[in-house]
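*Asks:* starting from these lines, generate the structure:
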Amino acid sequence: MVCLLIPAQSYLTAFADEKRSNGSTIGGIDVSGLKDQEIKKVLENAIDEWASEPIVIRGGGEELSIDPQEIIFDIDRAIDEYRDSTDKPFYLFWKSEEVVHIPIHISDSESIKEQISYITIWDTEDTYKRVLAQASYLESHEIEAVVTDTTQLENERIALSIEKIPANTKGVQALAEELNEYILEPNEAFSLLTVLENLTDSANTEGLNFVGSMIYNTVLQANIEIMERHAQKELPGYLQPGLNVSVDAFSEKDLQFINVSKHPYLLKMSVEGENLKVELYSSVKDVTVRVSVQQQTIAPRIINRFSKDLPMGSSRLIQEGKQGLRVTVTRTMTDSNGEEKTEEISRDYYAPTNRIVLKSAIQPKESAEEETGPNSGNVDNLDLDGNGLPDFEQNNNKTDGNSNQDKDKNKDELPPGSYYDKGGNLVTS
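*Replies:* Have a look, this model is predicted:
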């Protein structure tokens, strides 16, 4: 039997956090203060429990299940290494015991290697090392394979997006290199901030937004469900309205989506001259996608401001107006059976920019004729008594009074010997 030795130092921080303890561990199991036989018993029980579930390796749309019983653990060798690392000479009795974290050594398995080699798009050696690394610390049974050959995933190009890189962006090249050849497995969730966790400082906000928008525009054309997306506050100079993305680690604005198809997708990104090219491939095109963008314009308002500093009758434009938009994005997917499914993806609102005009507050003076005209003293429907009603009745009463006075005056001027009888008839003698 050939024994595969795994150096302890290379795995000092490789075990799962949930198994971490304050004392020394072997295979992620706390063994501090235990004797050799006790350690062996504890490790055997832990291995039996771990081996009760199959090991599943996934990558590039392929999956392989391995029986954990095929993994041969060398417990005795792990204990010997533990003692060599923690035992101290008698003259250093005053020093505390050194804390170490050691993997359980695993014997080499040609059978497991052979099974992995059947998946031609996987790197056999690197994938095999991942299996040993996780098994030696009794970690998760799900292992991600190292995919080297992605040619079979490039059978169908699902989507293509090409846009000129805006001048105010920074770090687009670095982000594209990090995301290039990314494989999105079936039922796998994607988080842009998580994938670019170590590179967010390499790009500015405009660069992150541009790359995120290009990815969003591309994956919309595939059988991918959008989980989180935030629109930019203002329309950028690229893509159609409603297809942009705002990404910000500080405010936790992320772009997240999940592959709901049965096949993996291969995301390819490259900078070609002044353009960013984003492609999405798959081995099979399972749906046909049509993305529709509906726009409704919003007219800007006109806001007038006044100033005494401007000459009479003049005006000055402070801010030019710009139309706003209401944008609705819908997506229709048609499967191989001809069944259609239409869903509303997003509704965005981009506020209009109001037109602001500064006008003179100086008004022209009224002419003397307007001030002293024959009718200047006449005011119709004036409310002088404050009762909310026009005072025309009072004016009419005043008119009637004047009429009576005129009548009395006329009466005084009757011819001598003439008078009015009871019927109002003029009688002359």
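
*Asks:* residue ranges in the protein under the pLDDT threshold?
*Replies:* Residues of the chain meeting the criterion pLDDT under 70: 1-22, 87-97, 366-429.

*Asks:* how about the helices in it?
*Replies:* Secondary structure of the chain (DSSP state H): helices located at 36-50, 75-86, 110-117, 124-136, 172-179, 192-195, 205-219, 368-372, 392-412.

*Asks:* and the second one, which residues are buried?
*Replies:* Going back to what we said before, that points to helix 75-86. In terms of neighbour count (16 or more other Cβ atoms under 10 Å), helix 75-86 has its buried residues at 75, 77-79, 81-82. Yep, even glycine has a C-beta here, placed from its N, CA and C like the rest.

*Asks:* let's have the helices of the chain in JSON lines, adding distance to Leu239.
*Replies:* Output for those, formatted as JSON lines (distance: least, Cβ to Cβ, whole Å):
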{"stretch": "helix 36-50", "distance to Leu239": "49"}
{"stretch": "helix 75-86", "distance to Leu239": "56"}
{"stretch": "helix 110-117", "distance to Leu239": "42"}
{"stretch": "helix 124-136", "distance to Leu239": "38"}
{"stretch": "helix 172-179", "distance to Leu239": "15"}
{"stretch": "helix 192-195", "distance to Leu239": "16"}
{"stretch": "helix 205-219", "distance to Leu239": "6"}
{"stretch": "helix 368-372", "distance to Leu239": "61"}
{"stretch": "helix 392-412", "distance to Leu239": "68"}
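
*Asks:* wait, Ser32 sits on Ser24?
*Replies:* Yes: in terms of Cβ atoms under 8 Å, Ser32 counts as a neighbour of Ser24; the distance is 4.8 Å.

*Asks:* neighbour count winner among these two?
*Replies:* Per other Cβ atoms under 10 Å, whichever of Ser32 and Ser24 has more neighbours is Ser24, with 21 against 14.

*Asks:* check contacts around the more buried one.
*Replies:* Contact partners of Ser24, counting by Cβ atoms under 8 Å, 6 or more residues apart in numbering, are 30-32, 82, 86, 97-102.

*Asks:* how close does it sit to Ser85?
*Replies:* Separation of Ser24 from Ser85 (Cβ to Cβ, to the nearest Å): 8 Å.

*Asks:* ditto for Ser307
*Replies:* 83 Å.

*Asks:* give me the nearest residue to Leu160, chain neighbours excluded.
*Replies:* Leaving aside its sequence neighbours, Leu160 sits nearest to Glu279 (Cβ to Cβ, 6 or more residues apart in numbering; 5.4 Å).

*Asks:* equivalent analysis for Arg83, please.
*Replies:* Closest residue to Arg83 apart from its sequence neighbours, by Cβ to Cβ, 6+ apart: Asp36 at 7.5 Å.

*Asks:* common neighbours of Ser24 and Ser85, please.
*Replies:* Residues touching both Ser24 and Ser85 by Cβ under 8 Å, 6+ apart: 98, 100, 102.

*Asks:* list the residues that contact the last one.
*Replies:* For Ile102, the residues meeting the contact criterion (Cβ under 8 Å, 6+ apart) are 8, 11, 24-27, 78, 81-82, 85.

*Asks:* how about a cut-off of 7 Å?
*Replies:* Each residue near Ile102 by Cβ atoms under 7 Å, 6 or more residues apart in numbering is listed here: 8, 26, 78, 81-82, 85.

*Asks:* from those residues, which is closest to Ile165?
*Replies:* Using Cβ to Cβ, Ala8 comes nearest to Ile165 of the contacts of Ile102, at 47.3 Å.

*Asks:* got the contact list for stretch 291-299?
*Replies:* 220-221, 240-242, 323-331, 352.

*Asks:* circling back to that earlier point, and the residue nearest to Arg83, how many neighbours?
*Replies:* Asp36 has 13 neighbouring residues, counting by other Cβ under 10 Å.

*Asks:* one more: Glu139?
*Replies:* With other Cβ under 10 Å as criterion, Glu139 counts 18.

*Asks:* ok, the one 3 residues further on next?
*Replies:* The burial metric for Glu142, expressed as a neighbour count using other Cβ under 10 Å, is 11.

*Asks:* do Ser161 as well
*Replies:* Neighbourhood size, Ser161 [other Cβ under 10 Å]: 23.

*Asks:* same question, Ala46
*Replies:* 18.

*Asks:* and the one 3 residues further on, by the same measure?
*Replies:* Per other Cβ under 10 Å, the neighbour tally for Glu49 reads 10.

*Asks:* for Ser24, see how far away it is.
*Replies:* In this view, Glu49 and Ser24 are 20 Å apart by Cβ to Cβ.

*Asks:* cool, and Tyr82?
*Replies:* Distance, Tyr82 to Ser24, using Cβ to Cβ: 7 Å.

*Asks:* between the two, which contacts overlap?
*Replies:* Listed as contacting both Tyr82 and Ser24 by Cβ under 7 Å, 6+ apart are 31, 100.

*Asks:* if we can go back for a sec, in CSV, list the contacts of Ile102 along with distance to Val172.
*Replies:* Shown next, in CSV, are those (distance: Cβ to Cβ, whole Å):
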residue, distance to Val172
Ala8, 42
Ile26, 47
Ala78, 48
Glu81, 48
Tyr82, 49
Ser85, 48
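
*Asks:* could you single out the nearest of those residues to Tyr118?
*Replies:* Nearest to Tyr118 among these, with distances taken as Cβ to Cβ, is Ala78, at 30.5 Å.

*Asks:* okay but that closest one is in contact with Ile106, surely?
*Replies:* No: judged on Cβ atoms under 7 Å, Ala78 makes no contact with Ile106 at a distance of 9.6 Å.

*Asks:* returning to what we had before: just name the closest of the contacts of Ile102 to Thr194, please.
*Replies:* Ala8 (30.4 Å).

*Asks:* domain assignment for this structure?
*Replies:* As given by automatic domain parsing, the domain ranges for the chain are 3-144, 151-285, 286-367.

*Asks:* if you compare these, which one is most tucked away?
*Replies:* Mean neighbour counts were compared across those using mean count of other Cβ atoms under 10 Å; the top stretch is domain 151-285, at a mean of 18.

*Asks:* contacts only, for the residue nearest to Val327 when sequence neighbours are not counted.
*Replies:* Take Val327 and drop its neighbours on the chain: the residue closest to it by Cβ to Cβ, 6+ apart is Gly242, 3.7 Å away. Applying Cβ under 7 Å, 6+ apart to Gly242 gives the contacts 293, 327, 329, 346, 348.

*Asks:* now do the same contact list for the residue lying closest to the fourth one once chain neighbours are set aside.
*Replies:* Translated: Ser346. Excluding the flanking residues, the one nearest Ser346 by Cβ to Cβ, 6+ apart is Val329, at 4.8 Å. Taking Cβ under 7 Å, 6+ apart, we find Val329 in contact with 242-243, 291, 293, 345-346.
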